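Chemist: Please find the sequence and the predicted model below.
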Amino acid sequence: MIHYIIQTIAFQVFFLLIYDVFLKKETFFNWNRFYLIVTALMSLVIPVVEIESFKNVVPENYIIRLPAVILGQTQANVKAEQINQTILPSSFSVLELIFYVGVGVVVLLFIYKLSKLVRLIQSNPKEYKDQFIIVKLLNSSASFSFFKYIFLGERLSSEEKEIILKHEQIHVKHWHSLDLMCFELLRVLFWYNPLIYIYQSRITELHEFIADAEAVKIEEKSIYYQSLLAQVFDTKKISFINPFFNQSLIKKRIVMLQKSKSKQVYLFKYALLVPMVFGMLVYTSCADNIGEKEVPELISPDNNQETELVKTVNEVKYQIQIQGDISDQEEKGLDLLLQTVKGSGLSSSLVNDVQEFIANKDETKLTEKISYVFEQIQAKGEVSEAETKALKGLLILTSDDGFNDPFFADVLKDVEIPFGIIDQVPMFPGCEDLESNADRKACMSKGVQQLVVQNFNTDLADDLGLKGRQRINVIFKINNEGDVVDVRARAPHPELSEEAIRVIKTLPKMIPGEQKGKKVNVPYSLPIVFQVQE
């Protein structure tokens, strides 16, 4: 929820910034009205939109992510098939209480303001005219409109009433009150968000510009200016009505009336909305939910030891995983890289081919990354044992017969196979009879979940004084012999990390995964959500 609120506010800041900097001073009033309404609603919707095709914009991990295991003090007997269901906290947080109290207060204020309008309509004489109703306010000089009702104070002169009536009719015909009611409802739900109030202020300002622009077409400008510059009449301080006289807006309205019409070419400014929305959709589709996904490398002890060349080689792996298929030019680059790594020396023809490939490196993202590998090898002159191992770990996956090539024999036992290309996933004991990889993965997940639920020491909650949700992220590998190795964990408390590692190490010996008939290492990630029941 907090993540949603932060995203909503951030998007509204961007939208309002574009409006204030590029659009606010233009005379495209109806376009601006559309922009404010649409962007206010889009900022609430975009954070919950995820477009699957956009997820490929960022690299996917090579690690198989098992479904989360949810533990709790009262969940010891949860069935395995129920583990993936979200368990909501039983406690009612202080933040929730504050939110609902705020909503209640704003709703009461809204009802109070609405009741004042209803009383004005009921207690004053009315005149029905065309598609609107004039409410004559006794002993008052106020003037405003609300939907089809136009409120006119009886103390106003006949000339003032005539000008105001023309102005307020435009509000009624354009359904401006509907806009204001929309923002009023948003204020109820998002009372804590100051940007909703700014949006409502901007739309109120626009309504007056629209009505003024239409009114001066049928009324002489000089007379209209005099009406605006006359005494500021009493106005009901209600946020969802259209007041004719608003002291803070009068100067802006006169300035806008004198402003020349904006050139049509400036309509292209609204095209700024397209890249902004696209960027937001990419972000919401690709961004990890806070607390829901952790990058396994963050808990890897080897990260600081990686050289720039090793990191670049890993980037090439990620890019191949994203694309799925590779072009002829990309395949040529990988073949040249294989020849470079395999060869005892570089022939002149190979050097020329590599230079030609690097010259065309901007063709795709993958050719750019492969070229960077070549450039780093050339700059270093000599690669280390760890870098050679990383290169072989990449090329064994891209070579046609890499797993049967003696050149890769020294890395065969260490190579990690991405879940997207592995021929046969590791199998939990008892899953041998299943035929498809999907069924074996499901069986594997079920077995791991049952073991964690049964063996995790949930008494740690009392010992450590834990409350709410405690997330533990665990990564491990099933090596080419079926053993669980390299178990690491991250948690809010060291004791939780130690317990998670202990439990994962109790996993039975697996049937190792296979790629092209060779047993290989497969990395896994397992999130454990420890829900402390209150």
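Modeler: Yes, it's here. Residues are numbered from 1 along each chain as shown.

Chemist: What's the mean pLDDT across stretch 257-265?
Modeler: Stretch 257-265 shows a mean pLDDT of 79.

Chemist: Check which residues of it are buried.
Modeler: Applying a neighbour-count criterion of 16 or more other Cβ atoms under 10 Å, the buried positions in stretch 257-265 are 257, 262. Bear in mind the C-beta positions are built from the backbone N, C-alpha and C, glycine included.

Chemist: so how far is that stretch from its chain's centroid?
Modeler: Averaging C-alpha positions (Cα atoms, centre = their mean, to the nearest Å) puts stretch 257-265 37 Å from its chain's average.

Chemist: end-to-end on that stretch?
Modeler: For stretch 257-265, the first-to-last residue distance is 21 Å (Cα to Cα, to the nearest Å).

Chemist: How far away from the center of its chain is stretch 148-162?
Modeler: For stretch 148-162, the gap between its own C-alpha mean and the chain's C-alpha mean amounts to 49 Å (Cα atoms, centre = their mean).

Chemist: can you dump the C-alpha coordinates of that stretch into PDB?
Modeler: What follows is stretch 148-162, C-alpha atoms only, in PDB (Å, rounded to 0.1, in the frame of the first residue of the first chain):
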ATOM      1  CA  LYS A 148     -28.100  22.800 -13.000                       C
ATOM      2  CA  TYR A 149     -28.600  25.300 -10.100                       C
ATOM      3  CA  ILE A 150     -27.400  28.900 -10.500                       C
ATOM      4  CA  PHE A 151     -27.400  30.900  -7.200                       C
ATOM      5  CA  LEU A 152     -27.900  34.600  -7.500                       C
ATOM      6  CA  GLY A 153     -28.000  37.100  -4.600                       C
ATOM      7  CA  GLU A 154     -31.000  39.400  -4.600                       C
ATOM      8  CA  ARG A 155     -28.700  42.300  -3.600                       C
ATOM      9  CA  LEU A 156     -27.000  42.200  -7.000                       C
ATOM     10  CA  SER A 157     -28.000  44.800  -9.600                       C
ATOM     11  CA  SER A 158     -29.900  43.700 -12.700                       C
ATOM     12  CA  GLU A 159     -26.800  44.400 -14.800                       C
ATOM     13  CA  GLU A 160     -24.600  42.200 -12.600                       C
ATOM     14  CA  LYS A 161     -27.200  39.500 -12.600                       C
ATOM     15  CA  GLU A 162     -27.300  39.500 -16.300                       C
END
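
Chemist: Rounded mean pLDDT for it, please.
Modeler: What stretch 148-162 shows for mean pLDDT is 88.

Chemist: lowest average confidence, helix or strand, in the chain?
Modeler: Confidence across the helices and strands of the chain bottoms out at strand 64-65, with a mean of 56, counting by mean pLDDT, DSSP states H and E.

Chemist: Enumerate every residue touching the nearest residue to residue 343 once chain neighbours are set aside.
Modeler: Counting by Cβ to Cβ, 6 or more residues apart in numbering, residue 343 lies nearest to residue 350, which is 6.9 Å off, once chain neighbours are set aside. For residue 350, the contacting residues are 336, 339-340, 343, taking Cβ atoms under 8 Å, 6 or more residues apart in numbering as the criterion.

Chemist: pLDDT below threshold where in the stretch 401-534 of the chain?
Modeler: Where the stretch 401-534 of the chain drops to pLDDT under 70, the residues are 418-421, 532-534.

Chemist: ranges for the strands of it?
Modeler: Counting by DSSP state E, counting those that start in this stretch, the stretch 401-534 of the chain forms strands over residues 468-478, 484-490, 513-515, 518-520, 522-532, given from the N-terminal end onward.

Chemist: gap between the second one and the chain center?
Modeler: Distance of strand 484-490 from its chain centroid, counting by Cα atoms, centre = their mean, is 30 Å.

Chemist: for the lengthiest helix in the chain, which positions count as buried?
Modeler: Counting by DSSP state H, the longest helix found in the chain is helix 94-123. By neighbour count with 16+ other Cβ under 10 Å, helix 94-123 contains the buried residues 99, 106, 110, 113, 117, 120.

Chemist: Give me the pLDDT for the fifth one.
Modeler: Read that as residue 117. 91.

Chemist: and what of the last one?
Modeler: Note for residue 120: predicted pLDDT of 92.

Chemist: So it is in contact with residue 152, correct?
Modeler: No. No contact is recorded between residue 120 and residue 152 when judged using Cβ atoms under 8 Å, the distance being 11.5 Å.

Chemist: thinking again about what came up before, out of the buried residues of helix 94-123, which comes closest to residue 389?
Modeler: residue 99 (53.6 Å; Cβ to Cβ).

Chemist: State the distance from residue 443 to residue 454.
Modeler: Using Cβ to Cβ, to the nearest Å, we find residue 443 at a distance of 17 Å from residue 454.

Chemist: Who has more neighbours out of those two?
Modeler: More neighbours sit around residue 443 than around the other of residue 443 and residue 454, counting by other Cβ atoms under 10 Å; the figures are 19 against 12.

Chemist: and for residue 120 and residue 152, which residues touch both?
Modeler: Applying Cβ under 8 Å, 6+ apart, one finds that residue 120 and residue 152 are jointly contacted by 135, 137.

Chemist: what about the helices in the stretch 201-350 of the chain?
Modeler: 221-229, 247-258, 273-286, 308-323, 328-342, 348-359 (DSSP state H, counting those that start in this stretch).

Chemist: Could you check the angle the fifth one makes with helix 348-359?
Modeler: Put plainly, it is helix 328-342. 130 degrees (axes from the mean of the first three to the mean of the last three Cα atoms, to 10 degrees).

Chemist: same check, this time on the third one
Modeler: Angular relation of helix 273-286 and helix 348-359 on a 0 to 180 degree scale: 120 degrees, by the same axes, to 10 degrees.

Chemist: how distant is helix 273-286 from the center of its chain?
Modeler: Between the mean C-alpha location of helix 273-286 and the chain-wide mean there is a distance of 8 Å, by Cα atoms, centre = their mean.

Chemist: Contact partners for residue 506?
Modeler: For residue 506, the contacting residues are 451, 455, taking Cβ under 8 Å, 6+ apart as the criterion.
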